[in-house]
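>>> below is the sequence, then the predicted model.
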Amino acid sequence: QKTTALEAIHRLQKRSARIISFATFRAHSKPLYIQHNILNIYDLCRLQILLFVFKSTHHLLPSRYFNYFTLIKNLHHYSTRSSKDGKLYISNAKKLCRINTVALWGPKCWNSLPAQVRSLSSIYSFKSGLKIFVISVLWSLKLYCHTDTHFLLLFYCLILVKIISIFSFNMLCYMSQHTS
């Protein structure tokens, strides 16, 4: 089975959470993430995808990404339930190389957000609304807690997010150069 770059980073993230928590090397990582209020690398990637979708739909990216996603309300001349909520059209894909693209994951992640978060107009309000949504989900699950090591783990996660964002931007540039 092929190991992806995210799986390797996820293993490193789990290891760092165990080290900081002084947990055994076989301890489950999910309770440690919850204990320290951090998101795993896959959730951080989803957040980055959501930011990309927001920037694309609000024309905050270069013009080549303005029509990267299609609003459902722009597909039909009549009103549908999905068109009123600002949801995006999810195109069909059968090949794995197409399924794992931002073009497919973006609308899936975007449509899973509540309408209040999707309708925010500025990037700053969207980021804060997204954080509030994530924290409220943790609160509703009764899993949100605060510890002293939270800030250290948050620092490591921010470094990982920066690495992932640089990696994903480079991949987007690479893919756009080779598809043109």
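That came through fine.

>>> so where's this structure uncertain?
For the chain, applying pLDDT under 70 flags the ranges 1-3, 135-180.

>>> where along this protein do the helices fall?
For the chain, the helices defined by DSSP state H cover 5-21, 29-35, 41-57, 81-84, 96-99, 102-112, 115-118, 123-140, 150-179.

>>> and the third one, C-alpha only, in CSV?
Coordinates of each C-alpha in helix 41-57 appear next as CSV, following Å, rounded to 0.1, in the frame of the first residue of the first chain:
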residue,chain,number,x,y,z
ILE,A,41,-3.4,16.9,10.0
TYR,A,42,-6.4,15.8,8.0
ASP,A,43,-8.7,18.3,9.7
LEU,A,44,-6.1,21.0,9.2
CYS,A,45,-6.0,20.2,5.5
ARG,A,46,-9.8,20.4,5.4
LEU,A,47,-9.6,23.9,7.0
GLN,A,48,-7.0,24.9,4.4
ILE,A,49,-9.3,23.6,1.6
LEU,A,50,-12.2,25.6,3.1
LEU,A,51,-10.0,28.7,3.1
PHE,A,52,-9.1,28.1,-0.6
VAL,A,53,-12.8,27.7,-1.5
PHE,A,54,-13.7,30.9,0.4
LYS,A,55,-11.0,32.8,-1.4
SER,A,56,-11.9,31.4,-4.8
THR,A,57,-15.6,32.1,-4.4
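
>>> tally of neighbours for residue 41?
Neighbourhood size, residue 41 [other CB atoms under 10 Å]: 23. C-betas here are computed from N, CA, C, even on glycine.

>>> quick one: it and residue 13 touch, right?
Yes. If you go by CB atoms under 8 Å, residue 41 and residue 13 touch, sitting 5.4 Å apart.

>>> tell me the spacing between the residue nearest to residue 18 when sequence neighbours are not counted and residue 46.
Excluding the flanking residues, the one nearest residue 18 by CB to CB, 6 or more residues apart in numbering is residue 27, at 5.7 Å. Using CB to CB, to the nearest Å, residue 27 is found at 24 Å from residue 46.
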